[in-house]
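*Asks:* could you work out the structure for the sequence below:
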Amino acid sequence: MSRKIPKYYLFPAVLFLYVAILGIMSYPRYKASGNWSEYFTIIGVSVLLALLLHLILKRRQKIRDQFTGKK
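*Replies:* Here you go, the predicted structure:
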């Protein structure tokens, strides 16, 4: 029996992975320019948005489950 991964885990995890890969790829450019505040601001906002997306999707699923009568 396969178990389905909930959307509220999958989508934010994919977004976080995307941000991590882009952060690693852009590190040499920011290291050369020395503009660390911009680098950490972009990464921080992106991680915050992934967390916010997780919370919103989890809340929507909880409301959906209440109306459909699941758990």
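*Asks:* pull out the buried residues from the longest helix along the chain.
*Replies:* Looking across the chain with DSSP state H, the single longest helix is helix 36-68. Neighbour-count burial for helix 36-68, counted by 16 or more other CB atoms under 10 Å, picks out 39, 43, 46-47, 50, 53-54, 57. Just so you know, the C-beta spots here come from the backbone N, C-alpha and C atoms, and that holds for glycine as well.
*Asks:* quick one: residues contacting the residue positioned nearest the centre of the chain.
*Replies:* With distances taken as CA atoms, centre = their mean, the residue of the chain nearest its centroid is Ala50 (2.6 Å). When contacts are counted by CB atoms under 8 Å, 6 or more residues apart in numbering, Ala50 touches 12, 15-16, 19.
*Asks:* for Lys58, same thing?
*Replies:* Contact analysis of Lys58 by CB under 8 Å, 6+ apart lists 6, 8.
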